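1. dropping the sequence and predicted coords here.
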Amino acid sequence: MGRLDGKVALVTGAGSGIGKLSAKLFSSEGASVVVSDIVDDAGEGTVSEIRDAGGDAAYVHADVSKGAEAAAMVRFAVDTYGGLSVMMNNAGIFHPQDDSVTNTDEDVWDKTIAINLKGVFLGCKYGVPAMLESGGGSIVNVASFVAIMGAATPQIAYTASKGGVLAMTREIAVEFARRGIRANSICPGPIETPLLQELLAEPARRQRRLVHIPMGRFGQAQEIANAALFLASDESSLMTGAALVVDGGITAAYVTPE
């Protein structure tokens, strides 16, 4: 028996990375999965992989920063599978020109907030009513360890957006706790992705990042997907309003380990 048997899960930004692996894992645990992304080929690719593995999935294009598209995304899930029980707001960006508060342009700030924070707001705005009609469910919002502690490298828009996700998740959790909806956040540390590998191709630069991680390694996207599955499932039934930190110990460390 799967941990998500009979549940309908919607995962945003599921064309790649954490979202893709979460969607595949949710399916392997019995959920019907709606894959949402802005890159159609990538999203449809995730659906194909799920179906090839014997799962049930469908793709919907959605720019999560636009209300009409977020609403349509949730409607698609309900129309396709009859309800909504897991909402994973994962879609997000890290703008290459995100910098210090004194150097970051307004358009960089606006775009980052629109996707990373407003996008989560819209996912919850339209997802919560669908969950209430379905008898309850679990919201999993992807934040970051920089929502808890300041980033060593200036990235003001990203940090602010993820901090907002934590605060918003707590408020939603409190409001709907007695109506059958749980809302929690995941705070990943640095995750080994093709982009990170490219940015840290120089060994010395990579080591400067690794020295801050007590475990001495970057995380894998699958490890974040595993955390998402726990929060999505009934195994976390007493958890709501929590920030689940999955960061190799970064936020626990006061001094840099030798």
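-> That came through fine. Numbers count the residues shown, from 1 in each chain.
2. check which residues of the helix or strand harbouring residue 229 are buried.
-> Assigned by DSSP states H and E, residue 229 falls within helix 221-232. Across helix 221-232, burial judged by 16 or more other Cβ atoms under 10 Å covers 221, 223, 224, 225, 227, 228, 229, 230, 231, 232. For the C-beta atoms, the positions are set from N, CA and C on the backbone; glycine is no exception.
3. those residues into CSV, with extra columns for distance to residue 170 and pLDDT?
-> Shown next, in CSV, are the buried residues of helix 221-232 (distance: Cβ to Cβ, whole Å; pLDDT from 0 to 100):
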residue, distance to residue 170, pLDDT
221, 25, 96
223, 24, 98
224, 20, 98
225, 23, 98
227, 18, 98
228, 18, 98
229, 22, 98
230, 19, 98
231, 14, 98
232, 18, 98
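4. just give me the closest of the residues you listed to residue 156.
-> If you rank the buried residues of helix 221-232 by distance to residue 156 using Cβ to Cβ, residue 224 comes first, at 23.4 Å.
5. for the closest one, what are its contacts?
-> Taking Cβ atoms under 8 Å, 6 or more residues apart in numbering, we find residue 224 in contact with 18, 21, 22, 142, 186, 188, 191, 246.
6. run the last query once more with 10 Å
-> Taking Cβ atoms under 10 Å, 6 or more residues apart in numbering, we find residue 224 in contact with 17-19, 21-22, 90, 142, 186-189, 191, 244, 246.
7. would you list every one of the strands in this protein?
-> 8-12, 32-37, 57-61, 86-89, 137-142, 181-188, 243-246 (DSSP state E).
8. dump these to CSV, plus mean neighbour count.
-> Formatted as CSV, the strands of the chain follow (neighbours: other Cβ atoms under 10 Å):
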stretch, mean neighbour count
strand 8-12, 31
strand 32-37, 29
strand 57-61, 21
strand 86-89, 30
strand 137-142, 26
strand 181-188, 26
strand 243-246, 18
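9. would JSON lines of those strands with distance to residue 50 and mean pLDDT be doable?
-> Supplementary listing: those in JSON lines, determined by distance: least, Cβ to Cβ, whole Å; pLDDT from 0 to 100:
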{"stretch": "strand 8-12", "distance to residue 50": "11", "mean pLDDT": "99"}
{"stretch": "strand 32-37", "distance to residue 50": "6", "mean pLDDT": "98"}
{"stretch": "strand 57-61", "distance to residue 50": "4", "mean pLDDT": "98"}
{"stretch": "strand 86-89", "distance to residue 50": "14", "mean pLDDT": "98"}
{"stretch": "strand 137-142", "distance to residue 50": "18", "mean pLDDT": "98"}
{"stretch": "strand 181-188", "distance to residue 50": "21", "mean pLDDT": "98"}
{"stretch": "strand 243-246", "distance to residue 50": "23", "mean pLDDT": "98"}
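10. between the ones you listed, which gets nearest to residue 205?
-> strand 181-188 (20.3 Å).
11. so what secondary structure elements neighbour the longest helix seen in the chain?
-> Longest among the helix segments of the chain by residue count, using DSSP state H, is helix 156-176. For helix 156-176, the elements it packs on are strand 86-89, helix 106-113, helix 119-133, strand 137-142, strand 181-188, strand 243-246, judged by 3 or more Cβ pairs under 10 Å, 6 or more residues apart in numbering; DSSP states H and E.
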